[in-house]
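>>> Sequence first, predicted model second:
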Amino acid sequence: MNKPLIIAMDFKDKQSANAFLTSFGNEKLFLKVGMELFYREGPALVEEWKVAGHQLFLDLKLHDIPNTVKAAARQLASLQVDLMTVHASGGIKMMEAAREGLASGANNNSPDCIAVTQLTSTSEQMMKNELAIDKSLQDTVIHYADNAKQAGLQGVVCSAHEAPYIKQHVSSDFACVTPGIRLSNNSADDQKRVVTPGEASERGSDAIVVGRSITRADNPYQQYNEIKKQWRNET
Ligand SMILES: O=C(O)c1cc(=O)[nH]c(=O)n1[C@@H]1O[C@H](COP(=O)(O)O)[C@@H](O)[C@H]1O
């Protein structure tokens with residue numbers, strides 16, 4: 001990955017999403033379509049943005065029995081997106097099924113598949129108290145990343161806090177895609193494990209995912225460029 005800055009397009013509909021994109025002119029972007037927008041607009045918007053020349057991350061976080069995930073992944077592969085997600089907590093067999101489904105449904109290249117380890121809105125305390133996971137957050141993320149690697153996926157979604165440990169314990173070329181990005185003066189909102197774009201870069205993230213810091217900025221294009229500069233160390 002060439003240090004992409006992925007914009008989380010968390011909008012209620014196509015109209016508001018496209019209104020946001022107008023300030024970017026003809027710039028080719030890496031856009032993440034999540035549940036909110038996909039459940040409203042479906043595959044048509046994904047196809048429209050692909051045709052417009054954007055790279056697409058379809059983030060539906062599949063998590064079900066292997067047979068269901070395989071069939072769903074086969075459907076998603078036909079959309080020719082660049083990247084998609086599953087939950088690592090679905091287990092190795094489920095992640096393998098996702099990979100098989102993508103391979104069987106793709107016309108040319110199958111989309112890369114990455115696994116969510118622990119959501120960046122999760123804290124260690126919440127993991128222990130609510131999710132009944134006794135391992136430390138860091139060990140759990142490494143363990144799930146190792147499972148994703150065994151299943152043949154291309155990488156994981158994690159916080160940049162954990163990226164160096166994944167590189168060290170799983171594989172230096174296993175992709176770490178990291179949301180939970182905030183500029184130092186931004187509110188963390190519902191995120192618990194946040195870092196700045198510069199810290200994400202220092203910690204070895206391969207791609208950052210940024211939503212509200214850009215989408216809610218007064219000048220989204222300027223904010224996008226500021227974050228990109230910090231992320232790519234272009235001072
Ligand atoms: O899979 C994701 O993209 C994801 C995983 C995760 O652990 N945390 C996380 O925030 N995300 C997504 O990344 C985006 C972050 O948005 P902001 O917090 O607004 O920057 C949202 O679209 C989330 O769905």
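Structure's in. What do you need?
>>> Tell me which residues touch residue 158, please.
Residue 158 makes contact with 117, 118, 120, 141, 145, 166, 176, 177, 178, according to Cβ atoms under 8 Å, 6 or more residues apart in numbering. Where C-beta positions appear, they are placed from N, C-alpha and C, glycine not excepted.
>>> From the ligand, how far out is the residue lying closest to the third one once chain neighbours are set aside?
Read that as residue 120. Leaving aside its sequence neighbours, residue 120 sits nearest to residue 180 (Cβ to Cβ, 6 or more residues apart in numbering; 3.4 Å). Going from residue 180 to the ligand by Cβ to the nearest ligand atom, to the nearest Å gives 6 Å.
>>> shouldn't residue 180 be in contact with residue 195?
Yes. Here residue 180 reaches residue 195: they are 6.7 Å apart, a contact under Cβ atoms under 8 Å.
>>> so what's the residue nearest to residue 120 up against?
120, 159, 160, 191, 192, 193, 194, 195.
>>> quick one: the first one and residue 46, what's the gap?
The one in question is residue 120. According to Cβ to Cβ, to the nearest Å, residue 120 and residue 46 sit 24 Å apart.
>>> Equivalent analysis for the fourth one, please.
As judged by Cβ to Cβ, residue 191 and residue 46 stand 25 Å apart.
>>> How many neighbouring residues does the residue nearest to residue 41 when sequence neighbours are not counted have?
Excluding its sequence neighbours, the residue lying closest to residue 41 (Cβ to Cβ, 6+ apart) is residue 14, at 4.9 Å. Using other Cβ atoms under 10 Å, residue 14 is surrounded by 17 other residues.
>>> tell me the pLDDT at residue 14?
pLDDT recorded at residue 14 is 98.
>>> Quick one: residues contacting it.
Here residue 14 is in contact with 37, 40, 41, 45 (Cβ under 8 Å, 6+ apart).
>>> so which residue of the chain comes closest to the ligand?
Per Cβ to the nearest ligand atom, residue 211 is where the chain lies closest to the ligand, at 2.6 Å.
>>> still on that earlier bit, rebuild the contacts of residue 14 as TSV, extending it with pLDDT.
Shown next, in TSV, are these (pLDDT from 0 to 100):
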residue	pLDDT
37	98
40	98
41	98
45	98
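>>> Select from those every entry located in helices.
37, 40, 41, 45 (DSSP state H).
>>> per-residue confidence at the closest residue to residue 28 other than its chain neighbours?
Nearest residue to residue 28 in three dimensions, chain neighbours excluded: residue 53, at 4.8 Å (Cβ to Cβ, 6+ apart). Residue 53 is assigned 97 on the pLDDT scale.
>>> Kindly report the same for residue 108.
82.
>>> how near is it to residue 126?
41 Å.
>>> quick one: which of the two has more around it?
Under the neighbour definition other Cβ under 10 Å, residue 108 and residue 126 were set side by side, and residue 126 has more, 15 against 5.
>>> And the nearest residue to the more buried one once chain neighbours are set aside, how close does it get to residue 219?
Nearest non-adjacent residue to residue 126, counting by Cβ to Cβ, 6+ apart: residue 192, 7.6 Å away. According to Cβ to Cβ, residue 192 stands 28 Å off from residue 219.
>>> the more surrounded of the two?
residue 192 (17 against 11).
>>> how about the strands in the protein?
Under the criterion DSSP state E, strands of the chain are mapped to 5-8, 30-33, 55-62, 83-87, 112-116, 155-157, 175-178, 207-210.
>>> can you tell me which of these comes nearest to residue 18?
strand 30-33 (11.2 Å; Cβ to Cβ).
>>> So which residues make contact with that closest one?
4-9, 45-46, 49, 54-59, 82, 207, 209, 211.
>>> rewinding a little: now the ones in helices among the contacts of residue 14: which count as buried?
Neighbour counting over the ones in helices among the contacts of residue 14 (16 or more other Cβ atoms under 10 Å) leaves 37, 41, 45 as the buried ones.
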